[in-house]
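Undergrad: Pasting the sequence and the predicted model now:
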Amino acid sequence: MEYFVIVIGSIFVSNIVLAQFLGICPFVGVSGKLSTSVGMGGAVLFVMTLATIVTWVLQYYLLTPFGLGFMQTIVFILIIAALVQMVEIILKKVSPPLYQALGVFLPLITTNCAVLGVAILTIQKEFSLMEGVVFAISNAIGFTLALVLFAGIREHLDLMEVPKGMRGVPIALLVAGILALAFMGFTGLV
Amino acid sequence: MNQVANFTKGFIKENPVFVLLLGLCPTLGVTSTAINGLGMGLATTFVLVMSNLVVSLIKNAIPDKVRIPSFIVIIASFVTIVELTMQAYTPALFEALGLFIPLIVVNCIVLGRAEAFASKQTVFSSVIDGLGMGLGFAFALTILGAVRELLGSGNIFGIELMKGDLMLVFVLAPGAFIALGYLIALMNKFAKS
């Protein structure tokens, strides 16, 4: 039941992109096409879950016992940057097709604030490791859902006649606002 | 390089939010009021100025291959300083900004300026650039915060200006996207004409 609440809560009620404003850069930048959105979502799912596990272990077995809590930001961002590099190298060797699919998105993920955000939130909410993993996976699904929905709308938007000043990012942000309004309908679900 | 132009470019011509579209997460996330926007903007300005300063000071000592990780460590150190200082002296603002303070680390503007400007220019120009870009960011966040606060709750900086039926949605998440969308559209119209 606990896990169910986390899953529904992070995918729908407080969607990471549309309600918490994390990962807006890829949301606006990458979501022009449906296929790239799915690829980006996959890469985020992979890195976010790994990063949450590693940072959780570090926080509770290194930072907290030694009273180094203030180092959290520095340690976490370094871990994420190193992790992204490692994943890239390993994927290239072990699974070239997967690397082909996710490769271009991996370097972008270091500066994706959703990954660092979820890692810090997992610690702030005092989740256990298992809850943290579920939290990370469902946030990544929420991220992908928002990206895919938005890409679907934007593919149609390209065919529309939009006033000159509104073309590109402004109209995309307005559409995102309406999408966020729709997601507000989930408020109070859990 | 003309230092006046270097300083003022961040406000309109190369405004990080309205023109370069960098750092949109904190822009949308914290601007439910003008004061939060200003606080976030000033915190980011501090990090930008200090990281630009340090990066331009030691740019010749950093090997090219480990440049980005080194920049990240420098930035993260200053973010930690801001985080601890705000927690001690402005606890209310610290609560309101929450997660977005540690996330200054991944704000594309800070790393972007370190990589594109401070690692190539003199110390003085880098500090001016950081100050200009940071204040331009603070300016954009304060405007967006003021618009949302006025439309959503009738106040600006807590001073009551409007009464009656207000659009609460502007203080909530969807209003952030909509207000920023219209502000960028306005900027496009005036900057290009």
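TA: It's in.
Undergrad: what residue ranges in chain B score low on pLDDT?
TA: B:1, B:192-193 (pLDDT under 70).
Undergrad: which non-adjacent residue is nearest the residue positioned nearest the centre of it?
TA: In chain B, the C-alpha nearest the mean C-alpha coordinate belongs to residue B:137, at 3.7 Å (C-alpha atoms, centre = their mean). Excluding the flanking residues, the one nearest residue B:137 by C-beta to C-beta, 6 or more residues apart in numbering or on different chains is residue B:16, at 4.8 Å. Glycine gets a C-beta too; all of them are placed from N, C-alpha and C.
Undergrad: Contact residues of chain A facing chain B?
TA: A:18-25, A:28, A:70-74, A:77-78, A:81, A:110-113, A:116-117, A:120-121, A:124, A:165-166, A:169-174, A:176-178, A:180-181, A:184 (C-beta under 8 Å from any C-beta of the partner chain).
Undergrad: Just the buried ones out of those residues, please.
TA: A:18-25, A:28, A:71-74, A:77, A:81, A:110-113, A:116-117, A:120-121, A:165-166, A:169-174, A:176-177, A:180-181, A:184 (16 or more other C-beta atoms under 10 Å in any protein chain shown).
Undergrad: Point out the ones among the residues you listed that are inside helices.
TA: Judged by DSSP state H, the subset of these located in helices is A:24-25, A:28, A:72-74, A:77, A:81, A:113, A:116-117, A:120-121, A:169-174, A:176-177, A:180-181, A:184.
Undergrad: How much space separates residue B:67 from residue A:109?
TA: 19 Å (C-beta to C-beta, to the nearest Å).
Undergrad: for residue B:145, same thing?
TA: 29 Å.
Undergrad: what's the following helix or strand after the longest helix belonging to chain B?
TA: In chain B, ranked by residue count with DSSP H as the criterion, the top helix is helix B:123-153. The helix or strand immediately downstream of helix B:123-153 is strand B:155-156, counting by DSSP states H and E.
Undergrad: who does that next one pair up with?
TA: strand B:159-160 (antiparallel) (DSSP bridges).
Undergrad: circling back to that earlier point, more neighbours, residue B:67 and residue A:109?
TA: residue A:109 (25 against 15; other C-beta atoms under 10 Å in any protein chain shown).
Undergrad: so the more buried one sits right up against residue A:43, yeah?
TA: Yes - Residue A:109 is within contact range of residue A:43, at 6.0 Å (criterion: C-beta atoms under 8 Å).
Undergrad: any idea which element residue B:176 lies in?
TA: With DSSP H and E as the test, residue B:176 turns up in helix B:173-192.
Undergrad: What are the buried residues along that helix?
TA: B:173-185, B:187-188.
Undergrad: and stretch B:26-45, how far out from the chain's middle?
TA: Its chain's C-alpha centre and that of stretch B:26-45 lie 7 Å apart, by C-alpha atoms, centre = their mean, to the nearest Å.
Undergrad: separation between the residue lying farthest from the centre of chain B and residue B:9?
TA: Distance from the C-alpha centroid of chain B, by C-alpha atoms, centre = their mean, peaks at residue B:164 (32.3 Å). Using C-beta to C-beta, one obtains 40 Å as the distance from residue B:164 to residue B:9.
Undergrad: swap in residue A:91?
TA: From residue A:91 to residue B:9 the distance is 40 Å (C-beta to C-beta).
Undergrad: Looking at the two, which is more packed in?
TA: More crowded of residue A:91 and residue B:9, by other C-beta under 10 Å: residue A:91, with 20 against 17.
Undergrad: what's the host helix or strand of the more buried one packed up against?
TA: Residue A:91 is part of helix A:72-94 when elements are defined by DSSP H and E. Other helices and strands packing on helix A:72-94, by 3 or more C-beta pairs under 8 Å, 6 or more residues apart in numbering or on different chains; DSSP states H and E, are helix A:34-58, helix A:96-102, helix A:106-109, helix A:113-124, helix B:67-89.
Undergrad: any idea which of these is most buried?
TA: Most buried of the helices and strands packed on helix A:72-94 by mean neighbour count (mean count of other C-beta atoms under 10 Å in any protein chain shown) is helix A:113-124; its value is a mean of 24.
Undergrad: What helices and strands are in contact with that helix?
TA: Judged by 3+ C-beta pairs under 8 Å, 6+ apart, the packing partners of helix A:113-124 are helix A:34-58, helix A:72-94, helix A:129-157.
Undergrad: Now mean pLDDT and distance to residue B:81 too, for these, in TSV please.
TA: Listed next are those as TSV, based on pLDDT from 0 to 100; distance: least, C-beta to C-beta, whole Å:
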stretch	mean pLDDT	distance to residue B:81
helix A:34-58	87	21
helix A:72-94	86	10
helix A:129-157	91	28
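Undergrad: can you put these in JSON lines and add distance to residue B:77?
TA: Output for the helices and strands packed on helix A:113-124, formatted as JSON lines (distance: least, C-beta to C-beta, whole Å):
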{"stretch": "helix A:34-58", "distance to residue B:77": "18"}
{"stretch": "helix A:72-94", "distance to residue B:77": "6"}
{"stretch": "helix A:129-157", "distance to residue B:77": "26"}
